[in-house]
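Based on what follows, work out the 3D shape:
(chains A and B)
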Amino acid sequence: MSTTLALPFAVPRRRALPGFGLSLGVTLLWLGVIVVIPLGALALKPWELGLHGVLAVLLDARTLAAFRLSFGVALAAAAIAVPLGLLFAWVIVRYRFPGRRILDAAVDLPFALPTAVAGLALTALFATNGWLGQPLQEWFGWKIAFTPWGVGVALLFVALPFAVRTVEPVLRDLPADMEEAAATLGATRLQTLRRVVLPALAPATLTGFALGFARAVGEYGSVIFIAGNMPMLSEIAPLLIVVKLEQFDYAAAAAIGLGMLALSFVILLSLNLLGRALRRGTA
Amino acid sequence: MTASDLSRRALLAAAPALAAASAAAQGAAQTLLNVSYDPTRELYREFNAAFAASWAGRGNPRPTINTSHGGSGRQARSVIDGLAADVLTLALAYDIDEVAERGFLARDWQRRLPHNSSPYTSTIVLLVRRGNPKRIRDWGDLLQSGVSIVTPNPKTSGGARWNYLAFWAWALRQPGGNERTAEQAVTQLYRQVPVLDTGARGSLTTFVQRNVGDVFLSWENEAHLALQEFPQAGLEIVYPRLSILAEPPVAVVDQNVDRRGTRVIAQAYLEHLYSTEGQQLAAKHHYRPRDAAVLEANAARFPRVELVTVDDVFGGWQRAQAAHFNDGGIFDRIHRPGGR
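Numbers count the residues shown, from 1 in each chain, chains lettered A, B, ... in the order given. Reported below is the predicted structural model:
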């Protein structure tokens, strides 16, 4: 401080907005208490089993089946949620019709609803005696509840709002003159959509996919009601963690948790890198 | 591990101060936390009121008794992780053993109260649909082709473990029955299970409201509750000829009552379960009372079934758990690809 006062031409070292030290401190404290310490404990716990023991838990046929189901269906649900979400955002942003606001608000319901309630409702709907389950079973012979398809329905439910809410603000801010310019230059509507609108939305879409996937892969509350929970067939990885806990096997439960965390991290990181490449491409 | 150990140590360090405080507050109304399992909700709601009245009648201030319900294993874990339960009233001894293993109560807890510390018992019965269309009379009828069975996952549900063991005990009793044939029978049984819910209540919902399955393997008291809850469903209870004596045990959690100064009232609470009033309440809620006179008075509500015990057939809960339900146990083999 005294040096800056002594040199009248020196640029003051103070930042435009005060409170950097305090705000960073609070941020780090919160992050530490809420994220780093719990995840750190999770990362330490499995090694009580030793490397061999952790690998034995993770490479067990039943664990692998659960991972395949959880990650496979979560990726599929996110992939289905993205085009649906895009369509939904398009309808809400580009058109004016009665009930639009109600529709807009309804998108967020899966965020707010306790997942157990969602699971019960979906199960009641898709069970073979349910409103949707019964016709599907009678007309097509499809069984949704208590099969891996049921897992897909539940995960789609929790992933959908992410796909809508990430795309919607970008679509809203997309200047209309870009589309008008495309039209004056002789582009067809399909060309405008494909060459102008969709590329601008691509990074947001990818974020929606990543968030939807991340939310779906860890989902437990709604899935256990509708999945049937048969080992090797419709048992999700989070349920396997609960199974280990029921046996008071904390270390094995943490090992599966750590496995899920690592795999999710790799997937989210690759999506992030892909998003960065996309953004550089469109810029 | 480190974080929870730290917090536990902090709690222990604070213990003497708390004990002193509660000693100073002697004469003030006490609170008691009973950590129980799912189907005892109705029983303890009534029993808590009865005990509070009886305790107040002995010249004490009227206590506040709270009961927490949930899956038996999860409840035991909450106590291990620091929930300050004064008494445990769980579905099976194995869960209390696990709490004792971690030093919360004496290892020989099960010898401290009469009848293996189980003031009431129950058993496993078969709940079938209106008119019993598949003509299920005993365990053997479950293995007919086309019979679909609903039971929760024994890995996550205490009640489901009793179901499994009851069926195993029956299979052993069949002509030429041995461990190998019993395993085959159990494998066949679980092949006919379309849904494995995580708990008994979830399974009951699947059976009654989702209309899945022909027969539901149930606690006796849950079966009666289902008849009351869903009178329009026309469910019927089938008593098998042989079943298992389910002994839901109770115990005082030494470490917590000593810290909170609640040992006397906690002990009295559990002993009251053995009193005539406690036994009558148990019978009212379809738990089989231990007291011969109370059982006699309710004989019509508890049909005679030959009951075997976990100790006799399986050599105790620890061994049953290790052989059947732990990782790599017999239950795991059922769903293994290429498993027998």
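
Just the CA atoms of stretch A:191-204, as PDB, please.
Taking Å, rounded to 0.1, in the frame of the first residue of the first chain, the C-alpha atoms of stretch A:191-204 are listed here in PDB:
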ATOM      1  CA  GLN A 191     -31.400 -25.400 -44.800                       C
ATOM      2  CA  THR A 192     -31.800 -22.500 -42.400                       C
ATOM      3  CA  LEU A 193     -32.700 -24.900 -39.600                       C
ATOM      4  CA  ARG A 194     -29.800 -27.200 -40.400                       C
ATOM      5  CA  ARG A 195     -27.100 -24.800 -41.300                       C
ATOM      6  CA  VAL A 196     -28.000 -21.800 -39.100                       C
ATOM      7  CA  VAL A 197     -30.200 -22.600 -36.100                       C
ATOM      8  CA  LEU A 198     -29.000 -26.000 -35.100                       C
ATOM      9  CA  PRO A 199     -25.200 -25.300 -35.100                       C
ATOM     10  CA  ALA A 200     -25.800 -22.300 -32.900                       C
ATOM     11  CA  LEU A 201     -27.700 -24.500 -30.500                       C
ATOM     12  CA  ALA A 202     -25.200 -27.400 -30.600                       C
ATOM     13  CA  PRO A 203     -23.100 -26.400 -27.500                       C
ATOM     14  CA  ALA A 204     -26.200 -25.800 -25.400                       C
END
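
quick one, what contacts the closest residue to B:Glu271 other than its chain neighbours?
Leaving out its chain neighbours, the residue that sits closest to B:Glu271 by Cβ to Cβ, 6 or more residues apart in numbering or on different chains is B:Leu113, at 7.6 Å. C-betas here are computed from N, CA, C, even on glycine. B:Leu113 makes contacts with B:Pro119, B:Val250, B:Ala251, B:Leu270, B:Glu271, B:Tyr274, as judged by Cβ atoms under 8 Å, 6 or more residues apart in numbering or on different chains.

now A:Ala65
A:Pro231, A:Met232, A:Leu233, A:Glu235.

swap in A:Ile144?
A:Phe126, A:Leu132, A:Gly133, A:Leu136, A:Gly150, A:Val153.

which stretch of helix or strand covers it?
A:Ile144 is part of no helix or strand, with elements assigned from DSSP states H and E.

Confirm that A:Ala183 sits in a helix.
Yes. The assignment for A:Ala183 (DSSP: H, G, I helix; E, B strand; the rest coil) places it in a helix.

In terms of pLDDT, where does it sit?
We note a pLDDT of 87 for A:Ala183 in this prediction.

Do I have it right that it meets A:Thr192?
Yes. If you go by Cβ atoms under 8 Å, A:Ala183 and A:Thr192 touch, sitting 6.4 Å apart.

Stretch B:155-167 near chain A anywhere?
Yes. With Cβ under 8 Å from any Cβ of the partner chain as the criterion, chain A is reached by stretch B:155-167 at B:Lys155, B:Thr156.

More neighbours: which of A:Ala183 and A:Thr192?
Using other Cβ atoms under 10 Å in any protein chain shown as the criterion, A:Ala183 and A:Thr192 rank with A:Thr192 on top: 18 against 14.

hang on, isn't that one packed against A:Ala182?
Yes. Between A:Thr192 and A:Ala182 there is a contact under Cβ under 8 Å: 4.4 Å.

just to revisit the earlier point, quick check on the contacts of A:Ala65: which are buried?
Neighbour counting by 16 or more other Cβ atoms under 10 Å in any protein chain shown classes A:Pro231, A:Met232, A:Glu235 among the contacts of A:Ala65 as buried.
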